[in-house]
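Engineer: after the sequence you'll find the predicted model.
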Amino acid sequence: MSTVKVTGKKNRQSTRKLTVNILVHLFLAVLAVIWLLPIFWIVLTSFRAEPGAYTNTFLPQGYTLNNYVKLLTDRNVLNFPKMFGNTLIIAICCCIFSTFFVLSVAYSLSRMRFAFRKPYMNLAMILGLFPGFMTMVAQYFILKAMGLTEGSAIRFGLIIVYSACTGLGFQIAKGYFDTIPRSIDEAAIIDGATQWQVFTRITMPLAKPIVIYTVMTSFIAPWVDFIFAKVICRANADQFTVAIGLWNMLQKEYIYQWYTCFAAGAVLISIPIAALFLYMQRFYVEGMGGAVKG
Amino acid sequence: MENRQINVRNAIRYGDLYTKLSAVVMGLGMIVRKQIVKGIAILLCEIAFLFYMINTGIASLSLMPSLGDRVQEKVWNEAKQIYEYTAGDNSQQILLAGVVTLFVIAAIITLWILQMRHAYKLQKMSEEGKHIPSMKEDIRALFDKNLHITLMSLPCLGILIFNIVPLVYMISMAFTTYSKEGEHLVLFDWDGLNQFGRVLNMNGNIGRQFWHVLGWTVVWAIFATFLNYILGMILAMIINRKDTKGKAFWRFCFVLSIAVPQFVTLMIMNIMLQPSGAVNVLLKNLGWISSPLPFWTNATWARITIIVINLWVGIPYTMLQVTGILQNIPAELYEAAKMDGAGPVKIFFRITLPYMLFVTTPYLIASFVGNINNFNVIYLLSGGGPTYVGDTAGQTDLLVTWLYKLTIDQQYYNLGAVIGIMTFVILTVITLITYRNSSSYKNEEAFM
């Protein structure tokens, strides 16, 4: 009698567990569909044969590759390949400067002790509280005074704008450096290494995840920003970056002709960026773990 | 020999002739003590500064009080038979030049203080018969114990020129009449605190909009921060449950949505939710609705839509960020709670949430600040709309998007600057109260 009762209870428990599990997986599946639907839809739209932004059906009626062909070959109205080239150059330069800036500042704040250290960290926090766009107009005027807002000089202007202030975004990298035991540095210094050698030969290799993370985030930034680029490029169409180009495709004058091309462009840009992001997310998680700890 | 502190006052009072002369001829104290290159470099800085001041600096400072008042005029040139324009003043350039000059002066004063101290230090060292570092040794120190100077000078210079100077410049605009109103785009004057008065005055048109926008900004930031935080945490917990199969797959699904650049997904959402967009078409085809849902055209709908879409954007981020931290929660806590018969809801609110709040306070503050300044979501989704006639701010505008509209689109630069300052003040108050009390700030070095 008592054994029957126990197995009955067990059975009931496992049935309950099974129901919960099924419900949880169903729930996750529904959520996943919601989360992936817009992405799925944009991929479909990029292959859509009918032009225009709005159609009467949710799914396309016909499929074509022409949107991609037009995007990559039509150089008269919105020159996508040129924009791609511009953004690539800016992203590479920006990546070099920003990585150097972020890692230098983070290392100094994490490992060195100097009078300006605490004030710098407080200053960075205070500056972070101002809305980013407050400086934008003034930055434009400063670049204009330097002659960096006309013609191909715009490129330098954008590189400067994207990388100049990256020294303020040291928190994640510093958090990671903080987790590397200082005893390693001390041992190296006793062995006669200079701080520079510790930085380049010991900390950098140990902090490889955060180096990769920094390189990637600074490489991605110019691809996804359109506000600063828009303000600094103004009407210089041959200096546009990809983001402004895509944004323009959705404006009134272009949207009918270019909407499906926008979808194609969005897919083309998203694939490499998504790949980079998926690759670096674990570094992000590790970095966050370091930065939040304590 | 008394051990006097090395500071400027002592340098002037007790310094020898060269140290004292350094106050006028900068770098002299170094040149006579065999640090020739350094001394000459500082001297050159001083000469460059004097040149700058004589050429442009003094002129731009003298224009600062009036900000210029010569109007550009058209003059008939008899000889060339054309109209010529006389150069008028441009207040915006005058203000910028003035701000830059003030920074140059501040820089030279800093340099002066540093070199006075250094000259005095060198004097003392030579009096005490200590070895004075040579050029070579100085450079070597820059890669060793002074590495932070080498590493941080360029980043700091970048921040100074492209963050601090622009900020001071923008802040100074708040006290002027620089605006489209009354045609003050070329020539404008100092205006004291008038614009602040306008923004804070609830009865005026601008003031009414300001308080309205501020209210929505705070509501938005609270919803966006805490809903994302709690729901993201719950999602992470569901995925990390012992019995959930295919953890990596589920995580991938959600991470994929944030891997796609945010501006792309937001623009897609905007298009999808238009009156004739994909969502309305889908619902219509299914026969669930007869007229399109007013996602962006009705203020309440637009606000709710934005908050919901922001969940779509933000939950995967939170999930990524908290996954690692959730696993750090000591298992004994959970076991003890289970023993006491607590259900999953009770465990979440009594154990998980308090623990996470304790550990992630800085992250929460950062995301609250980020949401108050969340430009992309609002600008790309609703563009701040719907906007009532006669208003510059739409019903879903945050302070930042309003700031953007006021400056870039409408050229009310002074009002924009005031809004920026107000945003800063609000954020400072919130951050100071919470951040300074958080354990991670107090014990920054605890785990080193």
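Structural biologist: Looks like it came in fine. This structure is a prediction, so every number in the text was calculated from the model and none was measured.
Engineer: can you map out the helices along the stretch 1-150 of chain A?
Structural biologist: Here the stretch 1-150 of chain A has its helices, by DSSP state H, counting those that start in this stretch, at A:2-46, A:66-73, A:80-111, A:117-128, A:134-145.
Engineer: I'd like the ones you listed as TSV, with mean neighbour count appended.
Structural biologist: Using the backbone N, CA and C atoms, a C-beta is placed for each residue, glycine as well. Shown next, in TSV, are the helices of the stretch 1-150 of chain A (neighbours: other C-beta atoms under 10 Å in any protein chain shown):
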stretch	mean neighbour count
helix A:2-46	13
helix A:66-73	17
helix A:80-111	21
helix A:117-128	16
helix A:134-145	22
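Engineer: so for residue B:258, which of those helices sits nearest?
Structural biologist: Nearest to residue B:258, of all the helices of the stretch 1-150 of chain A, is helix A:2-46, at 9.3 Å by C-beta to C-beta.
Engineer: now the helices of the stretch 1-150 of chain A in JSON lines, with distance to residue B:128 and mean pLDDT?
Structural biologist: Below are the helices of the stretch 1-150 of chain A laid out as JSON lines (distance: least, C-beta to C-beta, whole Å; pLDDT from 0 to 100):
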{"stretch": "helix A:2-46", "distance to residue B:128": "71", "mean pLDDT": "83"}
{"stretch": "helix A:66-73", "distance to residue B:128": "73", "mean pLDDT": "88"}
{"stretch": "helix A:80-111", "distance to residue B:128": "31", "mean pLDDT": "93"}
{"stretch": "helix A:117-128", "distance to residue B:128": "29", "mean pLDDT": "90"}
{"stretch": "helix A:134-145", "distance to residue B:128": "47", "mean pLDDT": "88"}
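Engineer: let's have these in TSV, adding distance to chain B.
Structural biologist: As requested, those are exported to TSV (distance: least, C-beta to the nearest C-beta, whole Å):
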stretch	distance to chain B
helix A:2-46	4
helix A:66-73	14
helix A:80-111	4
helix A:117-128	6
helix A:134-145	3
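Engineer: okay if I get those helices as TSV plus distance to residue B:56?
Structural biologist: Putting these into TSV (distance: least, C-beta to C-beta, whole Å) gives the following:
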stretch	distance to residue B:56
helix A:2-46	53
helix A:66-73	48
helix A:80-111	29
helix A:117-128	28
helix A:134-145	12
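Engineer: contacting residues for residue A:226?
Structural biologist: The neighbours of residue A:226, taking C-beta atoms under 8 Å, 6 or more residues apart in numbering or on different chains as the test, are A:241, A:243-244, A:246-247, B:263.
Engineer: now the buried members of those residues.
Structural biologist: The neighbour-count test (16 or more other C-beta atoms under 10 Å in any protein chain shown) marks A:241, A:243-244, A:246-247, B:263 as buried among the contacts of residue A:226.
Engineer: need those in a markdown table (columns: pLDDT and distance to residue B:431).
Structural biologist: Output for the buried ones among the contacts of residue A:226, formatted as a markdown table (pLDDT from 0 to 100; distance: C-beta to C-beta, whole Å):
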| residue | pLDDT | distance to residue B:431 |
| --- | --- | --- |
| A:241 | 90 | 33 |
| A:243 | 90 | 30 |
| A:244 | 90 | 33 |
| A:246 | 89 | 34 |
| A:247 | 88 | 32 |
| B:263 | 85 | 27 |
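Engineer: domains of chain A?
Structural biologist: A:14-67, A:69-293 (automatic domain parsing).
Engineer: residue contacts, the nearest residue to residue B:112 once chain neighbours are set aside?
Structural biologist: Sequence neighbours aside, residue B:26 is the residue nearest to residue B:112 in space, at 6.3 Å (criterion: C-beta to C-beta, 6 or more residues apart in numbering or on different chains). Contacts for residue B:26 (C-beta under 8 Å, 6+ apart) come out as B:42-43, B:45-46, B:111-112, B:115.
Engineer: show me the shaky parts of the stretch 151-294 of chain A.
Structural biologist: A:284-294 (pLDDT under 70).
Engineer: could you check which residue of it lies nearest chain B?
Structural biologist: residue A:167 (3.0 Å; C-beta to the nearest C-beta).
Engineer: residues in contact with the closest residue in space to that residue that isn't next to it in sequence?
Structural biologist: Nearest residue to residue A:167 in three dimensions, chain neighbours excluded: residue B:155, at 3.0 Å (C-beta to C-beta, 6+ apart). Applying C-beta under 8 Å, 6+ apart, we find residue B:155 in contact with A:101, A:104-105, A:166-167.
Engineer: grab the two from those residues that are most spread out in space.
Structural biologist: Once C-beta to C-beta is applied, the contacts of residue B:155 give A:104 and A:166 as the farthest pair, at 10.2 Å.
Engineer: pLDDT value on residue B:359, please?
Structural biologist: Model confidence at residue B:359, expressed as pLDDT, equals 77.
Engineer: one more: the one 4 residues further on?
Structural biologist: What the model reports as pLDDT for residue B:363 is 80.
Engineer: how far away is it from residue B:287?
Structural biologist: 45 Å (C-beta to C-beta, to the nearest Å).
Engineer: what does residue A:242 give?
Structural biologist: 40 Å.
Engineer: what does residue A:256 give?
Structural biologist: Residue A:256 is 28 Å from residue B:287, by C-beta to C-beta.
Engineer: and residue A:199, by the same measure?
Structural biologist: On the measure of C-beta to C-beta, residue A:199 and residue B:287 end up 66 Å apart.
Engineer: higher neighbour count, the two?
Structural biologist: Of the pair residue A:199 and residue B:287, residue A:199 is the one with more neighbours under other C-beta atoms under 10 Å in any protein chain shown, namely 23 against 7.
Engineer: next, the contact list for the nearest residue to the more buried one once chain neighbours are set aside, please.
Structural biologist: Sequence neighbours aside, residue A:107 is the residue nearest to residue A:199 in space, at 5.5 Å (criterion: C-beta to C-beta, 6+ apart). Applying C-beta under 8 Å, 6+ apart, we find residue A:107 in contact with A:173, A:177, A:199, A:203, B:151.
Engineer: I'd like those as a markdown table, with distance to residue B:20 and secondary structure appended.
Structural biologist: A markdown table is the format used below for the contacts of residue A:107 (distance: C-beta to C-beta, whole Å; DSSP: H, G, I helix; E, B strand; the rest coil):
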| residue | distance to residue B:20 | secondary structure |
| --- | --- | --- |
| A:173 | 45 | helix |
| A:177 | 44 | helix |
| A:199 | 40 | helix |
| A:203 | 44 | helix |
| B:151 | 34 | helix |
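Engineer: turn the residues you listed into CSV, including distance to residue A:141.
Structural biologist: Putting those into CSV (distance: C-beta to C-beta, whole Å) gives the following:
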residue, distance to residue A:141
A:173, 31
A:177, 36
A:199, 37
A:203, 39
B:151, 30
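Engineer: low-confidence ranges, the stretch 51-200 of chain B, go.
Structural biologist: For the stretch 51-200 of chain B, no range has pLDDT under 70.
Engineer: so residue B:84 is in which element?
Structural biologist: Using DSSP states H and E, residue B:84 maps to strand B:82-86.
Engineer: from residue A:19, how far off is residue B:8?
Structural biologist: 78 Å.
Engineer: apologies, that question was intended for residue A:240.
Structural biologist: For residue A:240 relative to residue A:19 (C-beta to C-beta), the value is 55 Å.
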